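[1] build me a model:
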Amino acid sequence: MRRRKFVNGKVNHTYQRTVSGFNIFYEVEDYLVYYTIFSILAHRYGVLVYGLCLMIDHIHALVSATESKIFSRFMSHASQLFAKEYNKAHNRSGPLFQEGFGSAPKIGLKRLRTAIAYLFNNPVERYLCSKAQEYRWNFLAYAYNKNPFSEPIKLRHASRALRRAIKEVDGTRERNQHMSYAMIRRLLRTLDKKEGKQLTDYIIIRYSFIRYDLLTACYGGLDNMIIAINSNTGSEYDINETICGRSDAEFRDLHRYVHANGFENAGDVICLEENVKRKLMGKMLKETAANVYQVIKFLHLAPRGN
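    The predicted structure follows:
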């Protein structure tokens, strides 16, 4: 990764990769825990966030802070707190992210727009969707819709479980606390698939911290921004992003495979004994479209010889 650069008060593109390039985002709770942590800490540190994109094995963000030390503390705190929550939930230890993270200032409207397009189109480039707003975890669709991936919540017709879940989310947010794995899993288990999607959208909106007003102002309006993002995937020359393979779509095959084979949470595979992982790897290579490197990333397996 190239040397980190940061300009106070300007929008900076930050890029963070996982240890060994392993996957870390498997289930909805992985994304939501990180998202709510990022939300609470952005407010605490006074960081402005123009965009966030959570990919399977890395994270992009566009942020502005008054001082570089505030930015570094914010990023470090978010990484450490998420690692603590993640390790507890997945019965693992150690850091999740590589020690260093890349950042580069985007000075001037043209460079900023290019970075915006690049961030939101990451899932398009990795064949996870055809348009940027179709991917939930870049949060673009929430710029214009409070429930882009679910039906609107009508409390009068909602189940008692959904009403209780919403009340608990509201209380947690009002106390300026992030949501834990235990809380999210407990709430989702009480809901059917439809209401689970509704609650997920509700949490994202309730903890919303992305400054869509500042983001759309870069284009003179929301409609112009969406058209521009869908017309140009952008580029990034200031951060040396490591790209492995052409597509991330195969990870969805692996996700479906482990669910079909008795794992309630796909992330549980990372805690298996190595010999069990090796046997599972052989089956995955035969029964999915994933290649060796993708299975290694998915299972958190050290390559032979390491």
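
[2] select the longest helix from this structure.
    Of all the segments assigned as helix in the chain under DSSP state H, the longest by residue count is helix 68-90.

[3] just the C-alpha atoms of that one, please, in CSV.
    As requested, C-alpha coordinates have been extracted for helix 68-90 and formatted as CSV (Å, rounded to 0.1, in the frame of the first residue of the first chain):
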residue,chain,number,x,y,z
SER,A,68,-5.0,13.8,10.6
LYS,A,69,-4.6,12.6,14.2
ILE,A,70,-8.4,12.7,14.7
PHE,A,71,-8.8,10.7,11.5
SER,A,72,-6.2,8.1,12.5
ARG,A,73,-7.8,7.7,16.0
PHE,A,74,-11.2,7.3,14.5
MET,A,75,-10.1,4.6,12.0
SER,A,76,-8.0,2.8,14.6
HIS,A,77,-10.9,2.9,17.2
ALA,A,78,-13.4,1.6,14.6
SER,A,79,-11.1,-1.3,13.6
GLN,A,80,-10.2,-2.3,17.1
LEU,A,81,-13.8,-2.2,18.4
PHE,A,82,-15.1,-4.2,15.5
ALA,A,83,-12.3,-6.7,15.9
LYS,A,84,-13.3,-7.1,19.5
GLU,A,85,-16.9,-7.7,18.7
TYR,A,86,-16.1,-9.9,15.7
ASN,A,87,-13.7,-12.1,17.6
LYS,A,88,-16.1,-12.6,20.5
ALA,A,89,-18.9,-13.6,18.1
HIS,A,90,-16.8,-15.9,15.9
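
[4] what helices and strands are in contact with the helix or strand hosting His43?
    Applying DSSP states H and E as the criterion places His43 in helix 28-45. Under the contact criterion of 3 or more CB pairs under 8 Å, 6 or more residues apart in numbering; DSSP states H and E, helix 28-45 touches strand 48-54, strand 58-64, helix 68-90, helix 181-189, helix 193-206. Yep, even glycine has a C-beta here, placed from its N, CA and C like the rest.

[5] pull the helix or strand with minimum mean pLDDT from the protein.
    Here the helix or strand of the chain ranked lowest by mean pLDDT, DSSP states H and E is strand 102-105, holding a mean of 89.

[6] show the average pLDDT along the very next helix or strand once past that strand.
    Scanning forward in sequence from strand 102-105, with DSSP H and E defining helices and strands, the next element found is helix 109-120. For helix 109-120, the per-residue pLDDT values average out at 95.

[7] centre of the chain to the helix or strand just after helix 109-120, how far?
    As assigned by DSSP H and E, the chain's next helix or strand after helix 109-120 is helix 122-125. Here the centre of helix 122-125 is set off from its chain's centre by 13 Å, with CA atoms, centre = their mean, to the nearest Å.
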